[in-house]
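# With the input below, show me the fold.
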Amino acid sequence: MIEQLDDCLFHLHNEAISYILHVMENGQIEQLYYGKALGKLTKTELDYFTKKENKSAGTVKYFRDGRDFTLTDHFQAYPVYGTTDFKEGAIELTCQGNPLYTDFSFCSNQIQTSKPRNLAVPATYGENAQTLQLILEDQERELILILNYTIFEDSPVIVQNQELINKGNKIVTIDKMLSGVLHLPTSNYAFTHLSGAWLKERHEKRRKLEQGTVAIGSLKGASSHQHNPFVAFVHEEAGLDNGDVYAMNFIYSGNFLAQAEVDEWQHTRGMLGIHPAHFSWELAINERFVTPEAVLLFSDQGTNGLSTAMGSFVESHIIDPKWQHTVRPIVFNNWEATYFEFDEEKLLELARSGKELGMECFVIDDGWFGKRDSDRSSLGDWYVDKHKFPNGITAFSQKIHQMDLQLGIWFEPEMISPDSDLYKKHPEWVVKHPYERFSMGRGQYVLDFANPQVVDAIYTQMKKIIQATNLDYIKWDMNRNITEAYSNYLADTSRNQGEFFHRYILGVYELYTKILTDFPNILIEGCAGGGGRYDLGILFYSPQIWPSDDSDAVERLTIQSGTLLGYPLSSFSNHVSASPNHQILREISLKFRQDVAIFGPLGYELDLQQLSAKEKEQIKTTIAFYKRHRSLLTSGQFIQFLPTYPTPNQVCWGVINQEKTEAIVGYYQKLAQANPSAQEFLKITHLTPALTYQVGEEQLSGKFLEAVGIRKPYAFNGANHGTYQVGGDFQSVIYHIKAVEEAKK
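You can find the predicted model right below:
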């Protein structure tokens, strides 16, 4: 997969992609090509690639001897600003306050085969991987830079990260060190990102690229509700199933920056990494700094191709492999059923009701610990509330397990309440600056996870609960972002406060590591006030994430469509909640709510005691269907059959099995239309044209389904009383499509 073509050229390739790096005449590295696989390259083709006889106008020459060479019109693989390239660079260093205009020249390279999974560091892994390490040196400044490029045999992906080593006799300060760099030869792309807010996360947004810079990012200490560290570059001629699409994603959960800069020649430079604002890292003599990994992906099969490839890659090379074939339990979460108003008997009653309907894991959400009767108390005191559990948490867990249910518990380990025993004992463990006024969010403070002692103390409490309950499932929440970022620990140990945000998220990863080292089979569902930390760093530890505190099924259509551009279906946790919805008061039928939620890990979060007998039967029927098709509905190839941008009134998506013999398709109409067409079809792509499929009472070929499609449900149009299938707002239909030979079995 990695070929060194001569002393200056490296070709990373598989059946899907080629990625070519070149050592330029000044010793620096440039990206020559990234895109569709090129196969074996001839010497003529290589010479054609690298030959450059002149430089662009209005540029500064790199060499004093007058050679026509400038970095401005080369695609620097790891760009440095100010050394004849005036676009923003990926790395900025200072020493004693002075900028270092670094000059990293190629020294040597090595190729590593396979990439083991290391629980301590969220990163890609795989036996079918090869990593090219390019070792560069800046001799004058006594710095070594290692550029790592990993390619996988089964994925159209290049993974990038870097290592910087200080070999001098002075401390060097890293002011900026990004992870991913992508060059595109044109600007004919839309900068596509997933943005929004709490309750409406990861809506797909697009901006046409033009000369200048567009950027998104987070400075909240988390990847955030507002922006996600996934971005795509969608060619202006690309569609759902055709056209070039590039993407970048970040295996990191803290502050990030993603940007694209277009120069005067319409060249595009995309970059992704730790946000340089409020970041500085002091690199002592002989110390090393390693950046998180960035994932770059190319697809020539449109946005569905992007979604399929990225989802498959994340499942195979980021998420823990044990979860690839482990059944995800159908969860019942008590939160919206009880909020803080519960006791042991009420929970047991709900658990019994859930079990009768087919649910498999009972999750105690907020309110089980300390004296937690509201969201203004007890965070940091992770011991059971004896008032609510007079027999103790162990006795309760035994009763749940005796029902043949798994048990889950909610924690918010990074937070602390002012009234907690932990705060009274250790007020210095709170993140806040040393001045009188500081912020309060949601009645709570953030714990200083840059301090290893804090991480150890929280884990000691959590471990006791995990052991006492024989816990199966953790819901890990984080409801408050970081303000006035300051660490007493860093001050006491004479470390730079600019290191806080990065050290904080490393502390979060350390707590994950401690839990999963001691309890490797526990399923942790990530959550941060809903979808405030939906990223690859969390997915490395948590195979699924609570995507939004908004469980409204209509809003979830948009959230799920955006999220699944960059993340796998198996990671998207769904709950069927009450109507009217508790977040936006929208009223939707139980059918619509369930028809949305079955695509991905399924759960329920409503008061089962308030349901009618008919509604309970609907839930039992849906759960039975889901269990029969769980593997397909959580891990099948996810396909959008209607455009997702701009936000549509009609959504049609589906999942297809690997053999392409079975598909489950969901069709959703948000708002009714006056006088709709009497006959419309939905084209179903990605099946096998030569096979015949059973669609309801009909048998249709895959070729027909791709060219014509399945018939949309007849909609009420004012003239078809009694003959329509759907009418009014919020309507849905589930189609089960199966190859005829399979359908007979």
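# okay, now Gly212: neighbour count?
Counted with other C-beta atoms under 10 Å, the neighbours of Gly212 add up to 10. Just so you know, the C-beta spots here come from the backbone N, C-alpha and C atoms, and that holds for glycine as well.
# Which residues does it form beta bridges with?
Counting by DSSP bridges, Gly212 is bridged to Val262.
# confidence score at it?
If you check Gly212, the pLDDT there is 98.
# From Ser218, how far off is it?
21 Å (C-beta to C-beta, to the nearest Å).
# Tell me, how many residues neighbour the closest residue to Gln609 other than its chain neighbours?
Counting by C-beta to C-beta, 6 or more residues apart in numbering, Gln609 lies nearest to Ser353, which is 6.7 Å off, once chain neighbours are set aside. Using other C-beta under 10 Å, Ser353 has 17 other residues around it.
# Spell out the secondary structure type for Ser353.
For Ser353, the assignment made with DSSP: H, G, I helix; E, B strand; the rest coil gives helix.
# per-residue confidence at it?
So Ser353 comes in at 98 (pLDDT).
# Number the residues from 18 up from this point.
Shifting the count to begin at 18 puts that one at Ser370.
# how about low-confidence regions in the chain?
Within the chain, the stretches with pLDDT under 70 are 760-762.
# Point me to the residue sitting closest to the centre of it.
Asp552 (3.0 Å; C-alpha atoms, centre = their mean).
# on contacts alone, who are the packing partners of the one helix or strand Gly287 maps to?
Element membership for Gly287, per DSSP states H and E: strand 285-291. In terms of contacts (3 or more C-beta pairs under 8 Å, 6 or more residues apart in numbering; DSSP states H and E), strand 285-291 is packed against strand 189-201, strand 244-252, strand 262-267, strand 273-279.
# Walk me through which strands the shortest one pairs with, and which way each runs.
Paired neighbours of strand 262-267 in the sheet (DSSP bridges): strand 244-252 (antiparallel), strand 311-316 (antiparallel).
# you'd agree Arg512 is up against Ala301?
No: contact criterion C-beta atoms under 8 Å: Arg512 and Ala301 do not qualify, at 10.5 Å.
# neighbour count winner among the two?
Using other C-beta under 10 Å as the criterion, Arg512 and Ala301 rank with Arg512 on top: 16 against 10.
# Assign that one to helix, strand or coil.
coil.
# which residues touch it?
Arg512 makes contacts with Glu299, as judged by C-beta atoms under 8 Å, 6 or more residues apart in numbering.
# Equivalent analysis for Gln228, please.
Contacts of Gln228 (C-beta under 8 Å, 6+ apart): 204, 279-281, 283.
# try Ala33
53-54, 172-173, 315.
# do the same with Met265
Met265 touches 197, 199, 247-249, 275, 287, 289, 311-314, counting by C-beta under 8 Å, 6+ apart.
# Next: Ala614.
Ala614 sits next to 570, 573, 591-593, 620 when contact means C-beta under 8 Å, 6+ apart.
# Among those residues, name the buried ones.
Buried members of the contacts of Ala614, counted by 16 or more other C-beta atoms under 10 Å: 570, 573, 591-593, 620.
# and Tyr506, what is it in contact with?
Tyr506 touches 465, 467-468, 470-471, counting by C-beta under 8 Å, 6+ apart.
# at 7 Å instead, please
Going by C-beta atoms under 7 Å, 6 or more residues apart in numbering, Tyr506 touches 465, 467-468.
# And for Met495?
239, 429, 431, 545-546, 549-550.
# export those to CSV and tack on secondary structure, distance to Ile673 and neighbour count?
Formatted as CSV, the contacts of Met495 follow (DSSP: H, G, I helix; E, B strand; the rest coil; distance: C-beta to C-beta, whole Å; neighbours: other C-beta atoms under 10 Å):
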residue, secondary structure, distance to Ile673, neighbour count
Ala239, coil, 34, 27
Glu429, coil, 38, 24
Glu431, coil, 39, 29
Ala545, strand, 31, 28
Gly546, coil, 33, 22
Gly549, coil, 31, 29
Arg550, coil, 30, 29
